[in-house]
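S.K.: A predicted structure for the sequence below; I have some questions about it.
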Amino acid sequence: MAIALVQSVLGGHNSGSFGSGGGTLACTGNFPISTTTGNFIAIVCFTSSTGTFNALNIASSFSGATLNASGGFLNQQNAPLWKGTGIFFTSGNVASISSGTTLTYTATISGISSGTANVVNEMCLFEFSGCLQSGSPLAYVDVGTSGNGTSSTPNLGTVVTSASDLMLGAFVGVTGNISAGPGYLLGQTMSTVQFAQVQYALNVAAGNVPTAWSGTEAKWGAFAYAILPPATPPPPTKVRLINGNFQDSLGNPVSNGYLLMSPTADAAIAGVTTQVCSGIPIKINLDNTANVAANQSVWGTDNMTPSNLTYEVMLFRSDGTPAWNKPQFQTITGTPTFNTSTWIPN
């Protein structure tokens, strides 16, 4: 399944002035549409500060959903203008976040020993489908990087990805809003924290992936993350048949007999370069209790293309004479074993 943007929204913002005592500044936002369980959620947070002060530290926290801070919070400390950006990821196969649920980003301001910092913070929210689902906090992340620069294009260089990823990046700068980089789409542009933007690119082929924006900033800080698509499912394997207690039409166990099974049409097996032919029966031996002998396997009908195929099954005695007067048409599903005792005569 391809990665796709489901929704993005600009969240709330807040502002305040802080001196030597520091303090906290919170802003809130919400999704207008309830998110889908298991989708990838990213909350991108920005903080900007101006004023006359000696130093400033920004720490970040998030509440309102089960998310995980990834990569920490980036402080770009270029006096007298301090800016930063951070991101919070879903921690795995997260439950749906109901529309209207309050999500809160809190910036904790500290480190000011003289002067006053005028601080603004803001957040934006993204939901993407088609990303990897996992219970591990950072299992979504293929690779991530961050950094800052001066008098240049916001650019964290090339990252090496291992799959067809979602690329997600953000920057804060001091010069002005710029354009998304080649191959990227502009996600959100902050309305209050000036010169802060998000860009993304969907289903980017594995390999060397650029992270650059288009435009120049006098000072900037940025991050870029590659988010994994779903893991490739393992190829199917044959299903081992068990049990059966096969009997003839008079109810006599067909000890040491055998089944001949043939698909009702030619079929391909999904995920492997294997075909099965309707005209070539598969022999399944029975043991002395009339159950399927050990280590007898066939392809499951649930892995066959076209779908809705069955096996034509005939039962034979040990001397090769038919034990049934007509074939049965049966399916085989699941893995790693299938209980043939569950077949219902038809």
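M.R.: Here it is on my side, so go on.

S.K.: What ranges does the chain have for its helices?
M.R.: In the chain, no helices are defined using DSSP state H.

S.K.: how does it divide up, domain by domain?
M.R.: 4-227, 239-342 (automatic domain parsing).

S.K.: what are the ranges of the strands in the stretch 1-150 of the chain?
M.R.: 4-18, 23-29, 40-53, 57-63, 67-78, 81-90, 103-110, 115-129, 141-152 (DSSP state E, counting those that start in this stretch).

S.K.: same deal with the stretch 201-346 of the chain?
M.R.: Under DSSP E, counting those that start in this stretch, the stretch 201-346 of the chain gives strands at 207-210, 217-227, 239-242, 258-263, 267-269, 274-276, 282-285, 297-298, 304-305, 311-316, 328-330, 337-339.

S.K.: out of those strands, nearest to Val9?
M.R.: Set against Val9 and scored by Cβ to Cβ, the strands of the stretch 201-346 of the chain come closest in strand 217-227, at 18.6 Å. Where C-beta positions appear, they are placed from N, C-alpha and C, glycine not excepted.

S.K.: Which other helices and strands does that closest one contact?
M.R.: strand 67-78, strand 81-90, strand 141-152, strand 158-161, strand 165-173 (3 or more Cβ pairs under 8 Å, 6 or more residues apart in numbering; DSSP states H and E).

S.K.: a markdown table for the strands of the stretch 1-150 of the chain, including distance to Gly279 and mean neighbour count?
M.R.: As requested, the strands of the stretch 1-150 of the chain are exported to a markdown table (distance: least, Cβ to Cβ, whole Å; neighbours: other Cβ atoms under 10 Å):
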| stretch | distance to Gly279 | mean neighbour count |
| --- | --- | --- |
| strand 4-18 | 43 | 17 |
| strand 23-29 | 63 | 18 |
| strand 40-53 | 47 | 23 |
| strand 57-63 | 62 | 18 |
| strand 67-78 | 55 | 18 |
| strand 81-90 | 51 | 25 |
| strand 103-110 | 61 | 21 |
| strand 115-129 | 43 | 22 |
| strand 141-152 | 47 | 17 |
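
S.K.: Go through these and find the least confident stretch.
M.R.: Per-stretch mean pLDDT for the strands of the stretch 1-150 of the chain is lowest at strand 67-78 (a mean of 46).

S.K.: count of residues packed around Gln328?
M.R.: By other Cβ atoms under 10 Å, 17 other residues sit near Gln328.

S.K.: who's in contact with it?
M.R.: When the contact criterion is Cβ atoms under 8 Å, 6 or more residues apart in numbering, the partners of Gln328 are 312-314, 343, 345-346.

S.K.: quick check, nearest of the residues you listed to Ile43?
M.R.: Nearest to Ile43 among the contacts of Gln328, with distances taken as Cβ to Cβ, is Trp343, at 52.0 Å.

S.K.: and Thr50, bridged to which residues?
M.R.: Asn118 (DSSP bridges).

S.K.: which residues of the protein score low on pLDDT?
M.R.: Across the chain, the ranges flagged by pLDDT under 70 are 66-86, 88-94, 133-139.

S.K.: and the strands of the stretch 201-346 of the chain, which is most packed in?
M.R.: Highest mean neighbour count among the strands of the stretch 201-346 of the chain (mean count of other Cβ atoms under 10 Å): strand 217-227, with a mean of 24.

S.K.: Partner strands of that one and their direction?
M.R.: In the sheet, strand 217-227 lines up with strand 141-152 (antiparallel), strand 165-173 (antiparallel) (DSSP bridges).

S.K.: report the angle between the axes of it and strand 115-129?
M.R.: Calculated by axes from the mean of the first three to the mean of the last three Cα atoms, to 10 degrees, strand 217-227 forms an angle of 30 degrees with strand 115-129.

S.K.: coming back round to it: closest one to Ser15 among the strands of the stretch 201-346 of the chain?
M.R.: Closest to Ser15 of these, according to Cβ to Cβ: strand 217-227, at 19.8 Å.

S.K.: Give me the phi and psi for Ala293.
M.R.: phi -70, psi 160 (degrees, to the nearest 10).

S.K.: was I right about it contacting Gly257?
M.R.: No: contact criterion Cβ atoms under 8 Å: Ala293 and Gly257 do not qualify, at 10.3 Å.

S.K.: quick one: which of these two has more around it?
M.R.: Ranked by neighbour count (other Cβ under 10 Å), Ala293 and Gly257 place Gly257 first, with 23 against 16.

S.K.: which residues touch the more buried one?
M.R.: Neighbouring residues of Gly257 by Cβ under 8 Å, 6+ apart: 246, 286, 290, 315-318, 323.

S.K.: Which of the residues you listed are buried, as a ChimeraX select command?
M.R.: Only the buried entries of the contacts of Gly257 go into this ChimeraX selection, using 16 or more other Cβ atoms under 10 Å:
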select :246,286,290,315,316,317,323
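
S.K.: Turn the contacts of Gly257 into CSV, including distance to Met123.
M.R.: Conversion of the contacts of Gly257 to CSV gives the following (distance: Cβ to Cβ, whole Å):
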residue, distance to Met123
Phe246, 65
Leu286, 66
Ala290, 68
Leu315, 67
Phe316, 71
Arg317, 74
Ser318, 74
Ala323, 71
